[in-house]
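Peer 1: Prediction below, plus the sequence it came from.
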Amino acid sequence: MSAVGTRRVPATVDSAKVDFAQVDSAQVDPAQVDSAQADHAQGGGAWGGRMQGALWRLLATDDDRVALGLRLVLALVMFPHGAQHLFGWFGGYGYAGTHGWMVDTVGIPAPIATFAIVFEVLAPLALLVGAFGRVAALGLAGFMVVAASTHHAHGFFMNWLGNQQGEGFEYHLLAIALALAIAVRGSGALSVDSWLARTRSVA
C-alpha cells in the first residue's frame with residue numbers, strides 16, 4: 001500500500017482547520033467528521049444566539065407611560081429642527097445651506113454632515129412610533145452633544161432677551177437628558193418595540 005493510502009487524520013479533528021471538501025472520505029473516520037461538523041455548527045449557533053439576545057435586550061421595554069411621554073416630547077421637539085435642516089421647512093436653510101454651514105464653518109467632514117442631517121429627521125420619526133427607541137435616542141444624544149459644543153461660547157442661556165450674539169446650550173442639555181432617559185427606559189407603551197417584545201414572549 002502506498003504512503004498516501006496509509007495516511008490517517010489525527011484522532012481529534014479541528015473543524016476550523018480541516019477542509020472537508022479536500023479530504024478523501026476513504027481516509028477519514030466518518031464519526032470524527034460528524035463530531036467536528038457538529039462542534040462547528042454548535043459554535044456558530046452560540047454566536048448567533050448571543051447576537052439575538054443582545055438585539056432583544058436592546059428592544060426590551062414594557063407598558064411604560066412615562067417613557068411614552070418622554071419619546072413623544074423629544075420626537076416632536078427634534079423633528080421640526082431636522083425638517084429645517086433637510087427640507088428647508090419652518091424657515092430653515094434646507095440641505096444645501098445646512099450642509100455647507102456644517103462643512104465650511106463647523107469643519108465637519110461632508111459624509112458625516114450628510115448622515116447627521118438625514119439622521120436628525122429619521123431618528124424623531126423612529127421615536128414617534130417607538131421603533132429601536134434606544135438607538136434613536138442615543139444617536140440624538142450624541143448629536144446634541146456635538147451641537148452644544150457649537151453654542152458654548154454664547155453661554156448657558158438661550159437668547160431669550162435678544163441681547164446675546166447667539167443661543168446658549170440649555171436647550172441641548174434638556175434634549176440630552178430626555179434622550180438618555182429613553183435609552184434607559186426603552187420606548188415604553190404604544191411602541192413598535194413593546195409590540196415586538198410581546199410577540200416574542202408569546203412565541
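Peer 2: Happy to help now that I have it.
Peer 1: buried stuff in stretch 133-149?
Peer 2: 133, 134, 136, 137, 138, 139, 140, 141, 143, 144, 147, 148 (16 or more other Cβ atoms under 10 Å). Quick note: C-beta positions are derived from backbone N, CA and C, even for glycine.
Peer 1: mind checking pLDDT for the third one?
Peer 2: Right, the one you point to is residue 136. As predicted, residue 136 sits at a pLDDT of 96.
Peer 1: how much space between the residue nearest to residue 133 when sequence neighbours are not counted and residue 137?
Peer 2: Nearest non-adjacent residue to residue 133, counting by Cβ to Cβ, 6 or more residues apart in numbering: residue 187, 3.3 Å away. Distance, residue 187 to residue 137, by Cβ to Cβ, to the nearest Å: 9 Å.
Peer 1: list residues touching both of these two?
Peer 2: Counting by Cβ atoms under 8 Å, 6 or more residues apart in numbering, the residues touching both residue 187 and residue 137 are 71, 127.
Peer 1: returning to what we had before: which ones among the buried residues of stretch 133-149 map onto strands?
Peer 2: With DSSP state E as the criterion, strands contain none of the buried residues of stretch 133-149.
Peer 1: Identify the spatial nearest neighbour of the residue nearest in space to the middle of the chain, chain neighbours not counted.
Peer 2: In the chain, the centroid-proximal residue (Cα atoms, centre = their mean) is residue 135; its distance is 4.3 Å. Nearest non-adjacent residue to residue 135, counting by Cβ to Cβ, 6+ apart: residue 58, 7.0 Å away.
Peer 1: Could you check how far that neighbour is from residue 191?
Peer 2: Distance of residue 58 to residue 191, computed by Cβ to Cβ: 13 Å.
Peer 1: now do residue 182
Peer 2: From residue 182 over to residue 191 (counting by Cβ to Cβ), the distance is 10 Å.
Peer 1: Give me the common contacts of the two.
Peer 2: 71, 133.
Peer 1: From residue 162, how far out is residue 47?
Peer 2: 58 Å.
Peer 1: With neighbour numbers in mind, choose between those two.
Peer 2: With neighbours defined as other Cβ atoms under 10 Å, residue 47 and residue 162 compare such that residue 47 has more, 10 against 5.
Peer 1: still on that earlier bit, same list (the buried residues of stretch 133-149) but as JSON lines, adding distance to residue 98.
Peer 2: Output for the buried residues of stretch 133-149, formatted as JSON lines (distance: Cβ to Cβ, whole Å):
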{"residue": "133", "distance to residue 98": "25"}
{"residue": "134", "distance to residue 98": "26"}
{"residue": "136", "distance to residue 98": "20"}
{"residue": "137", "distance to residue 98": "22"}
{"residue": "138", "distance to residue 98": "22"}
{"residue": "139", "distance to residue 98": "17"}
{"residue": "140", "distance to residue 98": "16"}
{"residue": "141", "distance to residue 98": "20"}
{"residue": "143", "distance to residue 98": "13"}
{"residue": "144", "distance to residue 98": "16"}
{"residue": "147", "distance to residue 98": "12"}
{"residue": "148", "distance to residue 98": "17"}
